[in-house]
Every structure is written in structure tokens, then in C-alpha cells.
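K.L.:
mind looking at a prediction? Sequence and model below.
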Amino acid sequence: MKKFAYSIIAASLLLNLGYAADSLEEAVANGKFKGHIRSFYIDRNWEGALESAKTDYSAFAVGIDLKYETASFYGLSAGIALYSDNDFGLNSSDLSKVHKSILGDNADGYSFVGEAYLQYKQGNTTFKAGRQRLDTPLAAADDARMIPTLFEAYVLTNTDLPDTTLVAAHVTKIAPGTFFNQYRSTSATGQALALTAGYGANADASIGKFQDMGWYAIGKETNGVTAGAIIYKGIKNVTLQAWDYYAHDILNAVYLQADFKWNCLISDQIKPFAAIQYINEKDVGDRYAGEIDGSYMGAKVGASYNNFTLYGAYSASDSNTDAAVNGGIITPWGGMPAFTQGMVTRHQFFADTNAWKIAGSYKFKEPNLKTVLYYTSYDVGKDNAYSNGHSWIATEAGFDFIYYPKSVKNLQLRFRGNFPRSFYESANGDDLGWNEYRFIVNYNF
């Protein structure tokens, strides 16, 4: 019996230590290797009165990321990941016919070391320094196309307090993902669209290269972005989170979100949920972007019943015509937490704009298929900085089908479509929209 007890204690210690190594050689030998391959085909056909000014385009590309992380050695570990993207010469030589959002600068293929970090864990505290992926409300990977946005950062997390996660971070550089090509622009209106849709306004920035956070956002080098957060789950069925991002000499952004669940009085098979979010931004320091004065709030409510989920969302933004992007929400570093965003339309962060969205999903067991349908509408006010002085209604419908074949483990097949109407509308009412289809294959190993 005593021998059995010793065995239990020894097993528990091993579990608590995880794959802790006794030497550097063992830490390297016991490291983990993993990878991800993504093939992507995308096709867009323009619609609307301005259609003749545009060229339909499409593209195919294959991306891969290969990552190795050592085992822990006295709490210390290290990781490195290579990211690569290539079209193998299969796309048109006429760049106007190439959908560049899944490729690098000038629709080129490229490779780079996207992650290279040291990590130290002691008890409930983890410190990670170097190139890494971030997924926070206003600084994130935005992995919507081929290669995600990545960062050079120092991130400290701690969970010593009950039901509480504390985060402190300082981000110095950003390597924009391929989606940046969709927003790269030298016009003031195009840069306003980029800044409110998750991307920088500096058209000279390069995809896959780590660049100063301020230079990428507005063309001015700064001391980066310092962030802190508290996430609390100590109240049953409630999650509260508060984030503050201090972008030196540009802006201070506060992000608040509360998520709720409760029991349905009609049936315990119905799972209601709701959430609210709020963003406020002000200029700070040397005000490199001028006056900044933006605020936004959103709400979402819905319910799940077995494999079916339905929700509706609403959001509203203020305006200030003396401020940058007329008081819209500036989010250059991949952050896009809005409840009312579409697959491509992110007009909810325009100034003077109200938006709503309805979305439903159903997950089939046989076949292993998840289906999503949605519709969004944006009442864009005349104070917006994209078509300033003009108000219009932009809409987007779309679908997302995600299939996991049982015959091939870790394989995902994805078919998506979006159909924005009046994504842009000029002062005389000429509009531009499109029909876009994407076929994506993801395989993890």
C-alpha cells in the first residue's frame, strides 16, 4: 500500500513538472515540433456603379508555418517558427488581376522567422519575450488570410489571484500579415479605411518584416505600445475584462467587455448569452496623429439550442470632426473585436455610424460540418472619413462552411463567401460592392 502511495506521489510530481528537462540537451531533445499548411483560393467580382473602374481578380497561394519549442529547463523554454507563402507562379502576370491579400508585397512570395522567443514560467507567472503571436482585443494576429500579423513584445501574465488573469505587455514592433495588402493606400480616404479596419496607414510598410509600431501605424517612430489587462471570472456565468493600450505619443485606448450567460426559464436546453463592449480613445504625449477623440459601444444577445446558435448585435460610434478620422476608432495593429463586423466590412468603427448584425450557425454531426450565415448593415453617417460629407447604408451578407473529414485527422476544408453592397459610396451615390468566394484547406501536423 505504501509503495502504491509513493507511486501516486511520483506520478503527480511528474505531471506537475510536465516535460521539465534536467539539462539543456534534454530540453532540446524533448522539444515539440508542429506545423500548419494552408492553401487558399480567393476570387472577387466587382458590383455596383463603380464596377467599370475596377478589375476582377483572384489568386491562389500556399502558406506554411513550422514551429519548434523546447521543453522547459528550470522554467525556461524557447521557441522559433518559420512562416512562408508562395503562389508557385500560378497567378496572372498582370498584377491588376491578382488578389494580393493572400501574398506578400507586390504579390510576391516570402519567408521569414515570425516567432523567436524565450519564455520563463514560475508558478502562476509566465514571461515571454521576443517575436510572438498576440491575440488581444486591439493588438492581434487577425488571421483572416494567409499569414497572420505578428509582433515583437514582452508579455507578463499572472494568475495568482483567484479567478483573475493579469496581463502586462510592451510591444515594440509589428510584422503585418498578408491582409495588409487589402488596405495599403496612399490616399487619405484609403488610410482612414485602414486605420479603422485593423491596419496601418503607412503604405511603405512591408509584409513579413518587423517594423516600429508607430511608423507602421502613422509613419512616426515611437516607443511602442504598453498594455495592461485584468480578466475576471469570479462571478458565476460572468466574464469581465478591462484592457488599456498606451501607444506612446499617439493614443490611449480603453477596451471593456462583459460576457453573461444565464439559465433559460423555458427549457434548460436553451442557453442564452449576452455581451457588451466599449472603446474609448484619446490622444497622448506629442500627439503624432493629432487630436484623437473616439468612442464606440456594442451589445450582443443570443441563444444556443443543441447545435443551433443565433445572435443579434448592435453598435454605435461617436464623431468629432476636429479629431483624426473624424472621431472614428483607430485600431492599426490587427485588433478587431467588434460584435458587428462582417467577414470583410468593418465600417462599425467609422465615426458617426450605427451598425447591426444577425448571425446563425448550425453544427451537423454527420457529416462533421459547421454552417454559418450572417447579415450586417451599417448606417454610415456623413462625418465618416472614408466618403466624408456623405451618408449611406452599406450591407454585407455571407456564409462560412467548415468541414472536418473523418478520414483525415486534423484536415479542415472551408468554403466562405461575402457579398458587400455599397461598401463605398461617392457623394453622388455611385456605389461599389463585390461577390467574393474563398476555398481554404488547413492541415495541422
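P.N.:
The structure has been received and is ready for your questions.
K.L.:
run through the strands of the stretch 151-300 of the chain in chain order.
P.N.:
Ranges of strands within the stretch 151-300 of the chain are 164-175, 211-212, 225-232, 238-247, 251-261, 270-283, 293-305, based on DSSP state E, counting those that start in this stretch.
K.L.:
low-confidence bits of the stretch 51-200 of the chain, can you list those?
P.N.:
Applying pLDDT under 70 to the stretch 51-200 of the chain picks out no residues at all.
K.L.:
quick check: phi and psi on the residue sitting nearest the centre point of the chain?
P.N.:
Centroid check for the chain by Cα atoms, centre = their mean gives residue 142 as the closest residue, at 2.6 Å. Note on residue 142: backbone dihedrals following degrees, to the nearest 10 are phi 40, psi 60.
K.L.:
these two touch, right, it and residue 180?
P.N.:
No: counting by Cβ atoms under 8 Å, residue 142 does not reach residue 180; the two are 9.4 Å apart. To be clear about C-beta, it is placed using only N, CA and C from the backbone, and glycine gets the same treatment.
K.L.:
quick check: neighbours shared by these two?
P.N.:
Counting by Cβ atoms under 8 Å, 6 or more residues apart in numbering, the residues touching both residue 142 and residue 180 are residue 149.
K.L.:
ok, back up a step: so who does the residue nearest to the centre of the chain touch?
P.N.:
148, 149, 177, 179, 198, 334, 335, 336.
K.L.:
SS state for the closest residue to residue 30 other than its chain neighbours?
P.N.:
For residue 30, ignoring the flanking residues on the chain, the nearest one in space by Cβ to Cβ, 6 or more residues apart in numbering is residue 71 at 3.9 Å. Following DSSP: H, G, I helix; E, B strand; the rest coil, we place residue 71 in the coil state.
K.L.:
ok, residue 71 to residue 118 distance?
P.N.:
14 Å (Cβ to Cβ, to the nearest Å).
K.L.:
give the rounded mean pLDDT of stretch 223-231.
P.N.:
What stretch 223-231 shows for mean pLDDT is 98.
K.L.:
hang on, the earlier thing: who has more neighbours out of residue 71 and residue 118?
P.N.:
residue 71 (16 against 13; other Cβ atoms under 10 Å).
K.L.:
pLDDT at the residue lying closest to residue 445 once chain neighbours are set aside, what is it?
P.N.:
What sits nearest to residue 445 in space, not counting adjacent residues and going by Cβ to Cβ, 6+ apart, is residue 35, at 5.2 Å. Per-residue pLDDT puts residue 35 at 97.
K.L.:
quick one, what contacts residue 35?
P.N.:
Residue 35 touches 64, 65, 66, 67, 444, 445, counting by Cβ under 8 Å, 6+ apart.
K.L.:
and if you look at residue 218?
P.N.:
200, 201, 202, 250, 288, 289, 332.
K.L.:
can you put these in JSON lines and add neighbour count and distance to residue 361?
P.N.:
Below are the contacts of residue 218 laid out as JSON lines (neighbours: other Cβ atoms under 10 Å; distance: Cβ to Cβ, whole Å):
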{"residue": "200", "neighbour count": "27", "distance to residue 361": "32"}
{"residue": "201", "neighbour count": "25", "distance to residue 361": "34"}
{"residue": "202", "neighbour count": "23", "distance to residue 361": "37"}
{"residue": "250", "neighbour count": "28", "distance to residue 361": "37"}
{"residue": "288", "neighbour count": "21", "distance to residue 361": "42"}
{"residue": "289", "neighbour count": "23", "distance to residue 361": "38"}
{"residue": "332", "neighbour count": "30", "distance to residue 361": "30"}
